[in-house]
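Engineer: Based on what follows, work out the 3D shape:
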Amino acid sequence: MSSLSRHGRVRTRAGAAPRRWLHGRTALLLAFAFSVMADPVSSVAYAIEAALRALHGDLRLLAATMVAVVVVVALVVASYHQLVARFPAGGGSAAAAGSAFGEGFAFVPMAALIVDFVLTISISVSAGASAIISYAPALAGVRLPLALVLLVAVSGLMWFGHLGRVVFALLTMAFLAVAVLVLVLTIGAQPQPPPQVIAPHAVPVSVMLAFPVAMALATGVEAPSSAIAQLPQLDDDGRRRFGRWALWLTLGIVGALTLALAATAVRLGVGLPPADSTQIAEVARRTGVPWLFAAFQATTALLLLSAASSSFQAGPGLLKALARHRHADGTSLGVLPGRLGRVNHHHVPVLGVIVFLGLSAVVVVAAGGRDQELVLFYAVAVFVSFLIGLVAMATFARREHRRGWLVLNSVAAAVVAFTLVVNLTRPAALGSLLATALVAGALHGAWVKAGRPRGVAHAVVEAEVVQAELAGELDDVTSP
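Structural biologist: Numbering: from 1, shown residues only. Model prediction:
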C-alpha cells in the first residue's frame, strides 16, 4: 500500500511539470491576445458612431454596414493567418514587403505604421475625453484642454517605463466584462422610436460609402503579426500558434461586440448622440443602472488611454530601431539620427516620445479634441500597410503555385484597395495618405543616404523585442 502511495506521489509530481507548462502557456496566450486586442476593442468606442454619421443617422442601415466591416476584417485576418506562418519571428507587413519586393519597399508599411501610431494616440485621447464628458457633461466646454491633459498624462507616464502586457490585457478584459453586462441589462430596456432619418443614397451605395469610415475597427489586425516578436521564450511553431490564435480571437471578440452593440443601438433606437455624449454611452445609459453607466464610461476611457499608451511604446520603439546604432559584432544598422535611440534610466527613448507627443498634440488641436473628426483620417494609413502586406502574400502564393491562397489574398487585396479608394473620396483621408507618402519617402531617402544598410526590413521586429525586454515581468511569471 505504501509502495502504491509512493508511486502515486511520483506520478503526481511527474504530471505537475506538464500542468504548470500548460497553465503557463495558457496565461501567456491570454495575456498576449488580450493585450494586442486593446487597440481594436477600444475602436468600438467610436467606429460604430462613425458609421452611423456616414449614414447620415439612418439607423436602418447600421447593422448591414457593421456586418460589411466585420467581413472585410475577416478577409484581412485570413490573409494575415498566412503572414504569421511565413514570418513567425514577427515583422508583419514590413517583413513581407521587404522579402517579396526588396528592403526599400518595407518603408511603405513602416511609414503607414508611424502615421497610424500618431492617429491612434490622437483619436484615443480625444475619445477618452468624450467618454469622460459623456459621464460629466459639465466638462464639454473644456473638451480640447481635457484631451490635451490626457495626452500629456499618457506621454508623461512613459518617462517611468513601459506598461506590460498584463496591464493592457486586464484593461481589455475589464472593458469587455462591463460591456457584456451592459448588453445583458439592455435586453429589457424599452425601445424608443428611432429618428426619422433616411440616407441620401440607395441602400447599397449608402453602405458602400459608410463602411470604410468604420474600418477604424481593423486598425489592430497588424498587431499580432508584429507583436509575436515579443515572445522570445517560444519557438517558431509556438509563435505561429499564438499569433494565429490572437488574430482569430480578436476577430471573434471584436466582431461579436461590434455587431451586438450595433444591433442593440438599432433595437433601442439610439441614433446620433447629443454633442456632449457618444452613441455607445447612450446605449449604456439605457441600462438605467447609474453605477454600471459610470463603470462603462470609466473602463472605456481607461482602455482608450491604454491604446494610446501602446502606440506611445510602439512608435518611439520603431524610431529607436531605425536609429543608427552598432551591433556587438561591429556591424552598423539604422537610417535615422542616433539620438532617437538614446534612452533614459528607465530605457525609454525620450526623444521619440517627445516627437510623437508633439505630432499628436498638433493633430488633437487641429481636430478640436473631437474623435469623430479624427476618425475620418484614421483607417487610411493602416490600410496602406494592409494592402502591401496582402499583395506580398499574393506574390508568394503565385510564386509557389498555391492557387487557393492566391485567390484569397487577391480578393482581400482588392477589397482593401476598394476600401482605400472609397475613403480617399473624403479630403480628410487624403491627408493621411499624403503623410504616409512623405514619411515613406523620407525614410527611403535616409536609407539610401546611409548606404542602403541591410536588415532594415526587420526594424519592426527589433522594436517589438525591445518592448518585450522592457515588459519582461510577464515572461518571468509564465515561462514554462
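Engineer: rest of the way, CA atoms for contacts and neighbours
Structural biologist: OK.
Engineer: need the contact list for Asp276.
Structural biologist: Shown in contact with Asp276 (C-alpha atoms under 8 Å, 6 or more residues apart in numbering): Ser130, Ile133, Ser134, Pro137, Ala140.
Engineer: which residues of the stretch 201-350 of the chain fall in strands?
Structural biologist: 325-326, 332-333 (DSSP state E, counting those that start in this stretch).
Engineer: Check what pLDDT the closest residue to Leu139 other than its chain neighbours gets.
Structural biologist: In space, and not counting its chain neighbours, Leu139 is closest to Ile133: 5.6 Å by C-alpha to C-alpha, 6 or more residues apart in numbering. If you check Ile133, the pLDDT there is 96.
Engineer: So Ile133 versus Val71, what's the distance?
Structural biologist: 32 Å (C-alpha to C-alpha, to the nearest Å).
Engineer: Could you check which of the two has the larger neighbour count?
Structural biologist: Just comparing Ile133 and Val71: by other C-alpha atoms under 10 Å the higher neighbour count belongs to Ile133, 22 against 13.
Engineer: coming back round to it: of the contacts of Asp276, which pair is most distant in space?
Structural biologist: The most widely separated members of the contacts of Asp276 are Ser130 and Pro137, with 9.3 Å between them, by C-alpha to C-alpha.
Engineer: Neighbour count: those two, which is higher?
Structural biologist: Comparing Ser130 with Pro137 by other C-alpha under 10 Å, the one with more neighbours is Ser130, at 32 against 15.
Engineer: so the more buried one makes contact with Gln279?
Structural biologist: No. Between Ser130 and Gln279 there is no contact, the gap being 10.6 Å when judged by C-alpha atoms under 8 Å.
Engineer: Quick check: neighbours shared by Ser130 and Pro137?
Structural biologist: Common contacts of Ser130 and Pro137, defined by C-alpha under 8 Å, 6+ apart, comprise Asp276, Ser277.
Engineer: what's the spacing between Gln313 and Ser122?
Structural biologist: For Gln313, the distance to Ser122 - C-alpha to C-alpha - is 14 Å.
Engineer: Which one's more surrounded, those two?
Structural biologist: Ser122 (32 against 26).
Engineer: so what pLDDT did that one get?
Structural biologist: pLDDT, Ser122: 95.
Engineer: For the helix or strand that contains it, what is the distance to the chain centroid?
Structural biologist: Here Ser122, judged by DSSP states H and E, is contained in helix 107-135. On the basis of C-alpha atoms, centre = their mean, to the nearest Å, helix 107-135 sits 10 Å off its chain's mean C-alpha point.
Engineer: In the helix or strand following that helix, which residues are buried?
Structural biologist: Using DSSP H and E, the helix or strand that directly follows helix 107-135 along the chain is helix 143-158. Residues Arg143, Leu144, Pro145, Leu146, Ala147, Leu148, Leu150, Leu151, Val152, Val154, Ser155, Met158 are the ones in helix 143-158 that count as buried (16 or more other C-alpha atoms under 10 Å).
Engineer: Let's see the pLDDT reported for the third one.
Structural biologist: This points to Pro145. 96.
Engineer: Now tell me which helix or strand of the chain has the poorest mean pLDDT.
Structural biologist: helix 473-478 (a mean of 40; mean pLDDT, DSSP states H and E).
Engineer: Listing request: residues of the stretch 101-250 of the chain with sub-threshold pLDDT.
Structural biologist: Applying pLDDT under 70 to the stretch 101-250 of the chain flags the ranges 160-165, 194-195, 197-199, 202.
Engineer: Quick one: residues contacting Val213.
Structural biologist: Per C-alpha under 8 Å, 6+ apart, neighbours of Val213: Ala47, Ala50, Ala51, Ala54, Val375, Leu376, Ala379, Asn423.
Engineer: For the residue nearest to the spatial centre of the chain, give me its contacts.
Structural biologist: The centroid of the chain falls nearest to Gly220 when counting by C-alpha atoms, centre = their mean (2.5 Å). With contacts defined as C-alpha under 8 Å, 6+ apart, the neighbours of Gly220 are Val36, Met37, Ala38, Asp39, Pro40.
Engineer: so how far does stretch 207-221 reach from one end to the other?
Structural biologist: 22 Å.
Engineer: hmm, back to that, narrow the contacts of Val213 to those in helices?
Structural biologist: When DSSP state H is applied, the contacts of Val213 are split such that Ala47, Ala50, Ala51, Ala54, Val375, Leu376, Ala379, Asn423 fall in helices.
Engineer: what would those look like in CSV with pLDDT, neighbour count and distance to Val335?
Structural biologist: Formatted as CSV, the ones in helices among the contacts of Val213 follow (pLDDT from 0 to 100; neighbours: other C-alpha atoms under 10 Å; distance: C-alpha to C-alpha, whole Å):
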residue, pLDDT, neighbour count, distance to Val335
Ala47, 91, 26, 36
Ala50, 91, 28, 38
Ala51, 91, 30, 39
Ala54, 88, 21, 41
Val375, 88, 27, 31
Leu376, 83, 24, 32
Ala379, 75, 25, 27
Asn423, 82, 24, 32
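Engineer: want to throw those residues into CSV with distance to Val353?
Structural biologist: Listed next are the ones in helices among the contacts of Val213 as CSV, based on distance: C-alpha to C-alpha, whole Å:
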residue, distance to Val353
Ala47, 27
Ala50, 29
Ala51, 32
Ala54, 34
Val375, 23
Leu376, 25
Ala379, 23
Asn423, 29
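Engineer: nearest to Val178, of the residues you listed?
Structural biologist: Closest to Val178, out of all of these and judged by C-alpha to C-alpha, is Ala47, at 18.5 Å.
Engineer: wait, that closest one sits on Pro212?
Structural biologist: No. If you go by C-alpha under 8 Å, Ala47 and Pro212 don't touch, sitting 10.1 Å apart.
Engineer: Just give the number of residues close to Ala31.
Structural biologist: Ala31, neighbours per other C-alpha under 10 Å, totals 23.
Engineer: That one touches Met173, doesn't it?
Structural biologist: No. Ala31 lies out of contact with Met173 (C-alpha under 8 Å); the separation is 9.9 Å.
Engineer: Please save the CA atoms from stretch 127-140 in PDB.
Structural biologist: Taking C-alpha atoms only, stretch 127-140 is exported to PDB below (Å, rounded to 0.1, in the frame of the first residue of the first chain):
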ATOM      1  CA  ALA A 127     -12.300  59.600 -27.500                       C
ATOM      2  CA  GLY A 128     -11.200  59.200 -23.900                       C
ATOM      3  CA  ALA A 129     -12.100  62.900 -23.300                       C
ATOM      4  CA  SER A 130     -15.500  62.100 -25.000                       C
ATOM      5  CA  ALA A 131     -16.100  59.200 -22.600                       C
ATOM      6  CA  ILE A 132     -15.400  61.400 -19.600                       C
ATOM      7  CA  ILE A 133     -17.600  64.200 -20.900                       C
ATOM      8  CA  SER A 134     -20.400  61.700 -21.600                       C
ATOM      9  CA  TYR A 135     -20.400  61.000 -17.800                       C
ATOM     10  CA  ALA A 136     -19.800  64.600 -16.800                       C
ATOM     11  CA  PRO A 137     -21.300  66.900 -19.400                       C
ATOM     12  CA  ALA A 138     -20.200  70.000 -17.500                       C
ATOM     13  CA  LEU A 139     -16.700  69.300 -18.900                       C
ATOM     14  CA  ALA A 140     -17.900  69.700 -22.500                       C
END
